[in-house]
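Q: coords below, sequence missing:
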């Protein structure tokens, strides 16, 4: 390896040049060849690769809401207004919040009441949801269609909330920390389990829900007691095809839907087909999949694809667990027919941000979904659950966010998702967005980040990589970041680019560099920051 293949980090305490670049087949990171090999493996088995980012289009999605999005019933109007500008910067898919009627007008949507009401009927405090009316949603989606922006609906299928009446039935209490252990015999309780949907009547669906359509609740009105109650009935039990956390993690909240009951299964499957056609959807974000019977989830997605004639219909599940093995098992059980959010990568970002220069950046992809299953990983930095003041708060500190976004937006693997709160800002507590920085990265992703990926993954605090470009996108890009002192990497962008002048798209480094005759240059970055050169 020649000296030109070495990279140097400006850390005075080290006082020496650091080793040679690491090829894309080594280290903890992944190369584009890994994604292609997994795609080929699935195709040989006759399975369709379902990640839109694996089609050389460099697609990127945005989660178009945060937990404290204003409850002014104007969010669909904002969506309509912002779609053109988002499409321009390269956001070609939008994950929209649950449009289904919730238990109250200010509910974010996860306290779902009626999946057949998209803001059309006067129920639970009004016609509109927190985000607006069905008419406003349809108007926004028409603009999305015009700009070829895919829409992924947040489908909350685990439970129902805000029942219309109570009912009496038999149930057993179970241990909160081990739901397989019953702590009482069967006795009569009274629960909120009767759903009549009086505002909608029988339009779209005549199905009414009662206690027999649920497996559990968490409150007995009769005894004024909070506990986890497993509903009793012939052949009724929690599903055993759910995550094994808490012994059995079927029950999460509210009235838990029993996906062994044929009426419930039929109603939800019919809704999936109807809403896909009604709104012209391109996919679902499936909420809380580790709490839902895996066989039902597999069949639900398959049926929607089959009955809508959309083999490419996208599905990403929220499997919130920092455990790669559990996620891998879930993908296998579902025959790889959906993708999952890369929760382990999110926690790696959080760990790296908290530890600062003590974190080895070469390990950032260790034990992540994108490392093991790149075609089935949706990568993200933060979301509505991890943001401040939420039960699952694990918010990545602001200084590290540009590095984290570079790691999901500017590399070959995974399907990246930008969080609304990181782009536009968060309402509570007030946190400013980083729209300008993300727009520059999105530009680089849209126009520059193609072709072979060469890694310079040779120092704990300063790493880099190069995307060489391809015949359609020939320009290429070089990325370098540091979680310690200012640094640089001597990287090759190709001898065919000799004499070119490259600059930092993010504007952190003000000087330009000239590519030498062998295709190399020294690409700098500030301490605790990232630079994107092109």
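A: On my side now, so go ahead. Keep in mind that this is a model prediction, so the values were computed, not measured. Residues are numbered from 1 along each chain as shown.
Q: and stretch 461-478, average pLDDT?
A: Throughout stretch 461-478, pLDDT has a mean value of 95.
Q: Would you mark the buried spots in it?
A: 461-469, 473, 475-478 (16 or more other Cβ atoms under 10 Å). Just so you know, the C-beta spots here come from the backbone N, C-alpha and C atoms, and that holds for glycine as well.
Q: and what of stretch 126-143?
A: In stretch 126-143, counting by 16+ other Cβ under 10 Å, buried: 127-134, 136-138, 140-141, 143.
Q: Pull the residues that contact that stretch.
A: With contact meaning Cβ atoms under 8 Å, 6 or more residues apart in numbering, stretch 126-143 is reached by 65, 69, 71, 73-77, 79-80, 83-84, 97-102, 105-109, 118-121, 151, 279-280.
Q: same thing but 7 Å
A: Residues outside stretch 126-143 that contact it (Cβ atoms under 7 Å, 6 or more residues apart in numbering): 71, 73-77, 79-80, 83, 97, 99, 101-102, 105-109, 118-121, 151, 279-280.
Q: what's the pLDDT at the nearest residue to residue 87 once chain neighbours are set aside?
A: Closest residue in space to residue 87, ignoring its immediate chain neighbours: residue 147 at 4.1 Å, by Cβ to Cβ, 6 or more residues apart in numbering. Per-residue confidence (pLDDT) for residue 147: 97.
Q: returning to what we had before: from the buried residues of stretch 461-478, which two are the most distant?
A: 461 and 473 (30.5 Å; Cβ to Cβ).
Q: ok, which stretches of the stretch 51-200 of the chain are strands?
A: 61-63, 93-96, 101-102, 112-114, 150-155, 159-160, 165-175, 178-182, 187-194 (DSSP state E, counting those that start in this stretch).
Q: In CSV: those strands, plus distance to residue 226, mean pLDDT and mean neighbour count.
A: Converted to CSV, these look like this (distance: least, Cβ to Cβ, whole Å; pLDDT from 0 to 100; neighbours: other Cβ atoms under 10 Å):
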stretch, distance to residue 226, mean pLDDT, mean neighbour count
strand 61-63, 32, 98, 25
strand 93-96, 33, 98, 24
strand 101-102, 21, 98, 28
strand 112-114, 21, 98, 23
strand 150-155, 27, 98, 23
strand 159-160, 16, 98, 24
strand 165-175, 11, 98, 17
strand 178-182, 15, 96, 14
strand 187-194, 11, 98, 19
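Q: Output those as TSV; include the columns distance to residue 212.
A: Putting those into TSV (distance: least, Cβ to Cβ, whole Å) gives the following:
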stretch	distance to residue 212
strand 61-63	35
strand 93-96	32
strand 101-102	23
strand 112-114	19
strand 150-155	23
strand 159-160	13
strand 165-175	8
strand 178-182	20
strand 187-194	9
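Q: And those: which comes nearest residue 296?
A: Comparing the strands of the stretch 51-200 of the chain under Cβ to Cβ, the one sitting nearest is strand 150-155, at 12.6 Å.
Q: What pairs with the closest one, parallel or antiparallel?
A: strand 93-96 (parallel), strand 283-286 (parallel) (DSSP bridges).
Q: The ones you listed: which one's closest to residue 438?
A: When the strands paired with strand 150-155 are compared by Cβ to Cβ, strand 93-96 sits nearest residue 438, at 14.9 Å.
Q: Touching that closest one from outside, list them.
A: Residues from elsewhere that reach strand 93-96 (Cβ under 7 Å, 6+ apart): 52, 59, 61-64, 79, 144, 149-154, 282, 285, 417.
Q: quick revisit: in PyMOL, how would I select the buried members of the contacts of stretch 126-143?
A: Filtering the contacts of stretch 126-143 down to the buried ones (16+ other Cβ under 10 Å) takes a single PyMOL command:
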select buried, resi 73+74+75+76+77+79+80+83+97+99+101+102+107+108+109+118+119+120+121+151+279
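Q: and the one residue sitting closest to the centre of the chain, what does it touch?
A: The residue lying closest to the centre of the chain (Cα atoms, centre = their mean) is residue 341, at 4.3 Å. Counting by Cβ under 7 Å, 6+ apart, residue 341 makes contact with 316, 318, 378, 380.
Q: Do a quick rundown of the helices in the stretch 351-500 of the chain.
A: According to DSSP state H, counting those that start in this stretch, the stretch 351-500 of the chain carries its helices in the segments 369-372, 401-409, 420-423, 435-447.
Q: Those into CSV, with extra columns for mean pLDDT, distance to residue 503 and mean neighbour count?
A: Shown next, in CSV, are these (pLDDT from 0 to 100; distance: least, Cβ to Cβ, whole Å; neighbours: other Cβ atoms under 10 Å):
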stretch, mean pLDDT, distance to residue 503, mean neighbour count
helix 369-372, 98, 29, 24
helix 401-409, 98, 16, 25
helix 420-423, 98, 24, 25
helix 435-447, 97, 11, 20
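Q: re earlier: please produce JSON lines containing the buried residues of stretch 461-478, extended by distance to residue 352.
A: Shown next, in JSON lines, are these (distance: Cβ to Cβ, whole Å):
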{"residue": "461", "distance to residue 352": "11"}
{"residue": "462", "distance to residue 352": "13"}
{"residue": "463", "distance to residue 352": "11"}
{"residue": "464", "distance to residue 352": "16"}
{"residue": "465", "distance to residue 352": "17"}
{"residue": "466", "distance to residue 352": "22"}
{"residue": "467", "distance to residue 352": "22"}
{"residue": "468", "distance to residue 352": "27"}
{"residue": "469", "distance to residue 352": "28"}
{"residue": "473", "distance to residue 352": "29"}
{"residue": "475", "distance to residue 352": "29"}
{"residue": "476", "distance to residue 352": "26"}
{"residue": "477", "distance to residue 352": "22"}
{"residue": "478", "distance to residue 352": "21"}
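Q: Good, we can wrap up now.
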